Each structure stands twice: as structure tokens, then as C-alpha cells.
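Enquirer: Show me the folded form of this:
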Amino acid sequence: MCLIVDKEKFKIEIAQEDIVVYKVLEKYRRFVESPCQGFVYEIGKEYKTRMKPFFNRYYCKITEGFHSFLNEEDAKIKKRRIQMTSFSDKSLHLCCFRCIIPKGSNVVYGKYEAKDAVVSEAIKIIEEV
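Expert: Numbers count the residues shown, from 1 in each chain. All right, here's what the predicted structure looks like:
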């Protein structure tokens with residue numbers, strides 16, 4: 001998942017309160033995993049990383065950081081799209097999860113496949129929705 005932001009609108013913000021977001025993850029018995037990067041999460045544990053924005057002449061693309069949807073329905077649409085186009089058994093394990101970006105985290109808002117999305121430097125997976 002890559003977040004795209006118009007170069008002129010790129011801004012790193014600090015979350016003033018916890019932000020509820022949604023992720024599409026592969027669910028297994030004891031953990032969940034991001035389908036693109038293969039990052040393994042434990043439900044309820046907070047994770048931190050650094051964002052890495054890349055700029056060109058017109059836009060900023062962020063490939064590293066915790067990518068999430070701002071809307072639950074957008075995450076569910078993405079899950080169905082992956083399942084319809086994947087030939088892998090891994091798509092059978094896909095689920096949508098409610099997550100929290102903790103207050104004080106660095107965030108960048110933008111678009112992913114024309115949907116409202118955010119990249120953050122911290123996240124906690126809360127529950128399946």
C-alpha cells in the first residue's frame with residue numbers, strides 16, 4: 001500500500017487524539033500479518049516505525065509506515081478486491097481490523113486508490129470488524 005499526497009499539500013501532523021483507522025490483514029490463530037509487507041502484529045500491542053516519504057516533481061509517495069484506511073467500508077472494499085483478484089490461499093485469511101493510531105503519533109493524510117487513508121509512525125491493532 002502506498003499513500004499518495006500532492007507535493008504542495010504534504011504535511012506531517014501530530015495526532016491530537018487517538019485516531020480510529022482500519023487495516024486489511026491476514027488472520028491466523030495467534031497473530032495477524034500485513035498482506036503487502038508481511039509485517040506480523042500481535043493484537044493489542046503498540047508498534048512504532050518511521051515514515052519514509054519520497055518526492056518527485058508533483059507528488060509525495062509514502063511506502064514505509066503503518067498504512068490504514070480512515071473508513072471501515074473502504075477497508076472492506078479493498079479486502080474484497082484482493083480476494084477477487086488473488087490466486088493465493090492467503091486471501092482466504094483476509095479480515096478487516098479496527099486499529100488505533102495513538103495520540104501524539106506522526107501522521108500524514110492522503111489517498112490510496114482514491115480512498116481516504118493515512119500513514120502513521122505508531123499503531124495498535126484492536127479487533128476484527
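Enquirer: Could I get the full set of strands for this structure?
Expert: 3-6, 13-14, 19-27, 32-33, 40-41, 46-48, 52-55, 59-64, 66-69, 94-101, 106-112, 115-120, 122-128 (DSSP state E).
Enquirer: Redo those as CSV? Include mean neighbour count.
Expert: Heads up, the C-betas are built off the backbone N, CA and C, glycines and all. Shown next, in CSV, are those (neighbours: other CB atoms under 10 Å):
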stretch, mean neighbour count
strand 3-6, 17
strand 13-14, 10
strand 19-27, 21
strand 32-33, 18
strand 40-41, 16
strand 46-48, 13
strand 52-55, 12
strand 59-64, 17
strand 66-69, 26
strand 94-101, 20
strand 106-112, 19
strand 115-120, 22
strand 122-128, 17
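Enquirer: With distance to residue 81 and mean pLDDT added, can I get those in a markdown table?
Expert: A markdown table is the format used below for these (distance: least, CB to CB, whole Å; pLDDT from 0 to 100):
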| stretch | distance to residue 81 | mean pLDDT |
| --- | --- | --- |
| strand 3-6 | 17 | 84 |
| strand 13-14 | 28 | 96 |
| strand 19-27 | 9 | 95 |
| strand 32-33 | 18 | 92 |
| strand 40-41 | 21 | 94 |
| strand 46-48 | 25 | 97 |
| strand 52-55 | 25 | 89 |
| strand 59-64 | 19 | 88 |
| strand 66-69 | 12 | 94 |
| strand 94-101 | 10 | 96 |
| strand 106-112 | 12 | 90 |
| strand 115-120 | 11 | 92 |
| strand 122-128 | 19 | 97 |
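Enquirer: Distance to residue 78 added to these, as JSON lines?
Expert: Output for these, formatted as JSON lines (distance: least, CB to CB, whole Å):
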{"stretch": "strand 3-6", "distance to residue 78": "13"}
{"stretch": "strand 13-14", "distance to residue 78": "23"}
{"stretch": "strand 19-27", "distance to residue 78": "5"}
{"stretch": "strand 32-33", "distance to residue 78": "15"}
{"stretch": "strand 40-41", "distance to residue 78": "17"}
{"stretch": "strand 46-48", "distance to residue 78": "20"}
{"stretch": "strand 52-55", "distance to residue 78": "22"}
{"stretch": "strand 59-64", "distance to residue 78": "17"}
{"stretch": "strand 66-69", "distance to residue 78": "7"}
{"stretch": "strand 94-101", "distance to residue 78": "8"}
{"stretch": "strand 106-112", "distance to residue 78": "8"}
{"stretch": "strand 115-120", "distance to residue 78": "8"}
{"stretch": "strand 122-128", "distance to residue 78": "15"}
